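> Give me the fold of what follows.
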Amino acid sequence: MLIGDIVNPLEGQAHGWGVKTEWLEAYNDGDLEQFALWMQISQFIVYEEYIEAVSD
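Sure thing, here's the model as predicted:
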């Protein structure tokens, strides 16, 4: 899994996200459309609220 962290995000912007290799392979093979790929990625987007909740 590829994990990206955004340094100094803007207010309301995601702090990070994750993408599984198999999603990208399926997209490249034509087995997953762009919208479906985005829907998978959107499940792994981390916002400030999540970070604060986990650290409490």
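> all contacts plus neighbour counts: C-alpha atoms, from now on.
Will do.
> where's residue 37, which helix or strand?
Following DSSP states H and E, the helix or strand that holds residue 37 is helix 34-42.
> Please save the CA atoms from that helix in PDB.
Presented in PDB, the C-alpha positions along helix 34-42 are these (Å, rounded to 0.1, in the frame of the first residue of the first chain):
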ATOM      1  CA  GLN A  34     -11.400   6.100 -12.800                       C
ATOM      2  CA  PHE A  35     -14.400   6.900 -10.600                       C
ATOM      3  CA  ALA A  36     -14.300   3.500  -8.900                       C
ATOM      4  CA  LEU A  37     -10.500   4.000  -8.300                       C
ATOM      5  CA  TRP A  38     -11.300   7.300  -6.600                       C
ATOM      6  CA  MET A  39     -14.000   5.700  -4.500                       C
ATOM      7  CA  GLN A  40     -11.500   3.200  -3.200                       C
ATOM      8  CA  ILE A  41      -8.900   5.900  -2.500                       C
ATOM      9  CA  SER A  42     -11.400   8.100  -0.800                       C
END
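> for it, what is the average pLDDT?
On average, the pLDDT along helix 34-42 is 93.
> Pull the residues that contact it.
With C-alpha atoms under 8 Å, 6 or more residues apart in numbering as the test, helix 34-42 has contacts from 17-19, 23-24, 27.
> Of the residues you listed, which belong to strands?
Counting by DSSP state E, the contacts of helix 34-42 place 17-19 in strands.
> and those residues as a markdown table, adding distance to residue 32 and neighbour count?
Converted to a markdown table, the ones in strands among the contacts of helix 34-42 look like this (distance: C-alpha to C-alpha, whole Å; neighbours: other C-alpha atoms under 10 Å):
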| residue | distance to residue 32 | neighbour count |
| --- | --- | --- |
| 17 | 19 | 17 |
| 18 | 17 | 17 |
| 19 | 14 | 19 |
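> out of everything not next to it in sequence, what's closest to the spatially most central residue of the chain?
Nearest to the geometric centre of the chain sits residue 17, at 3.0 Å (C-alpha atoms, centre = their mean). Counting by C-alpha to C-alpha, 6 or more residues apart in numbering, residue 17 lies nearest to residue 45, which is 4.2 Å off, once chain neighbours are set aside.
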